[in-house]
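Colleague: What follows is a predicted structure for the sequence shown.
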Amino acid sequence: MLVPYPGVTAVLSADMVTGNDLDDLTELLTRGEVVAARYLGPGVGATSWALSMVDVDDDEPVVPLTIVDGGPARLTVTNLPTTDPLPQPEISPEASGAEEQEQERLQTALREAEERLADLSAESVQSDGLARRNAEIETQLSSRDLEVDALRRDLREALRRVASLERQVEHERTAKRRAVQKSNKSKSGSPREVLGFADPEKQLRWDIQRTRVEHTRPEDKDEWRLADDYEIGPEFCATLDGTQGVSRDRVLQVSVRLLTGRGVPGDHHLRTNKSGNSPAVSRTQEDIEWRCRRAPLQQSSPSARRLSYWQGPSGQIKLSRITVHDDLTP
């Protein structure tokens, strides 16, 4: 640090003092020494100058600077300080005591700084430990995410197997019922006429009731009752009769599961488009919001059949239509 004028300082880095990287500034300069420097301009602050010693020759003429533009120079060539050793003033006992007090103060400040440095080092070590622990936790979370993804894949596979088994059971029950009917016909000698309803909706409601009775165990019949307020949409019976590739018994069994609250594996909201983030299809009738859902009748095919229905806020169900997977019509 150089003081070219009282209240003005200039801080020089080592490369602004000497061009040799091996030089030690403590060997080149001493406190209180008067040196020659080149003025490079104002510094960063209002009381700072930019100086350089690296390009100043020993025999280079000294040009005194003026402190105020147009004013006299503080030092002239004739009264510049020399580099001769200054006479050492006698130190009085009072000054010596003040120096000792200052030395003690500096030593106390040094100890406090060292203690603070030790505290900061300990905090740094603790921070490094927390960072490592955080990295370990993130690694564990990533591993858990992979496990969750694997479990989800297993669940989807299990749901497909359940749906396949349900179709197999349905096929076997249908085959068994037809065999029994055939056996009864052969025993009676003449086929028994089975009468129903002329109205398709009344016939469908009767078939749903019959399917519930036939496919619900006696001990579960009180618990799994059909909803009293379910509705059948105007297109449901027509699409049921016109749909190929899925049996009427399968549609009746899925309808019974929906209307008794047992649920159907793979049941989901119908989206406005094929994007997974698109909103669910909904409509409002008489201030009641209904949401469209799809219950699978078949699996793993773009043309797999679906039972489309509307569900109200309190669980009311309105059977809408039988369609295929890629048909987004509610």
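Modeller: That came in fine, so what should we check first?
Colleague: can you give me the helices for the stretch 1-150 of the chain?
Modeller: For the stretch 1-150 of the chain, the helices defined by DSSP state H, counting those that start in this stretch occupy 25-28, 93-188.
Colleague: of all the ones you listed, which lies closest to M1?
Modeller: M1 sits nearest to helix 25-28 of all the helices of the stretch 1-150 of the chain, at 11.2 Å, using Cβ to Cβ. All C-beta spots, glycine's among them, are computed from the backbone N, C-alpha and C.
Colleague: about what we covered before: any chance of the helices of the stretch 1-150 of the chain in CSV, plus distance to V62?
Modeller: Shown next, in CSV, are those (distance: least, Cβ to Cβ, whole Å):
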stretch, distance to V62
helix 25-28, 20
helix 93-188, 34
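Colleague: and the ones you listed as JSON lines, adding mean neighbour count?
Modeller: Listed next are the helices of the stretch 1-150 of the chain as JSON lines, based on neighbours: other Cβ atoms under 10 Å:
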{"stretch": "helix 25-28", "mean neighbour count": "10"}
{"stretch": "helix 93-188", "mean neighbour count": "11"}
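Colleague: what ranges of the stretch 51-200 of the chain fall below the confidence cut-off?
Modeller: For the stretch 51-200 of the chain, the stretches with pLDDT under 70 are 58, 66-95, 185-194.
Colleague: and if we set it to 90?
Modeller: Along the stretch 51-200 of the chain, the parts satisfying pLDDT under 90 run over 51-105, 107, 110-111, 113-114, 116-136, 138, 140, 142-144, 160-161, 163-196.
Colleague: Okay, buried residues for stretch 286-304 please.
Modeller: Residues of stretch 286-304 classed as buried by neighbour count (16 or more other Cβ atoms under 10 Å): 290-299, 304.
Colleague: residues touching I288, list them.
Modeller: Listed by Cβ atoms under 8 Å, 6 or more residues apart in numbering, the contact partners of I288 are 312-313.
Colleague: what pairs with it across the strands?
Modeller: Beta bridges link I288 to Q285 when assigned by DSSP bridges.
Colleague: can you give me the strands in the stretch 151-300 of the chain?
Modeller: With DSSP state E, counting those that start in this stretch as the criterion, the stretch 151-300 of the chain has strands at 231-232, 268-269, 282-285, 288-296.
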